[in-house]
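**Q** Take this sequence and fold it.
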Amino acid sequence: MTLYDNLLIECDENDIEVYEMKMSTKGLYSDNVIWINKSITGIAKRGCVLAEELGHHYTSVGNILNQSKMNNIKQEKRARSWAYEKVIPLNKFIEAHKNLISSKFELAEFLSVTEDFLDEALERYKEKYGLFVEFKGFTIRFEPLAVFEWFEYKNF
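**A** Model (predicted):
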């Protein structure tokens, strides 16, 4: 199942309607309804857009279309952050490491996201954690991206 399919299931379980139609933006959310631009090609890109719009459902209030207002900018960032953490939680970097994923292209494909979405998620993680984070016995370094597994040294 694709990211897009999984998110559609989540929407259905939460009584959020999703429609695909031609529009001038990638996506839009309002009052438990998400619209996705029908012209978006590629299932990974559709999944990324749906994740962000679902992020608006969980994090945004009111009309935030005017991005010249600071509160609207903050809500947009919060929705995108929600999407990055939903779609690419830290454990996914560890899974990719264990699956010997070795390039950004392979990682994006493994995660079912676009490379742009992956880059934006990495930037957000750097803002949140700095250049690296310790997570479940691993160190995830965000720039350049790398995962290190630590082990406990014991004298035998």
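
**Q** which residues of the protein fall in helices?
**A** 3-13, 43-59, 70-87, 90-98, 104-111, 115-129 (DSSP state H).

**Q** Between these, which one is closest to Phe148.
**A** Nearest of the helices of the chain to Phe148, taken as Cβ to Cβ: helix 90-98 at 8.6 Å. C-beta: built from backbone N, CA, C; applies to glycine.

**Q** how much space is there between Met21 and Glu134?
**A** Distance, Met21 to Glu134, using Cβ to Cβ, to the nearest Å: 44 Å.

**Q** picking up where we left off before, JSON lines for the helices of the chain, including mean pLDDT?
**A** What follows is the helices of the chain, written out as JSON lines (pLDDT from 0 to 100):
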{"stretch": "helix 3-13", "mean pLDDT": "96"}
{"stretch": "helix 43-59", "mean pLDDT": "95"}
{"stretch": "helix 70-87", "mean pLDDT": "90"}
{"stretch": "helix 90-98", "mean pLDDT": "97"}
{"stretch": "helix 104-111", "mean pLDDT": "96"}
{"stretch": "helix 115-129", "mean pLDDT": "97"}
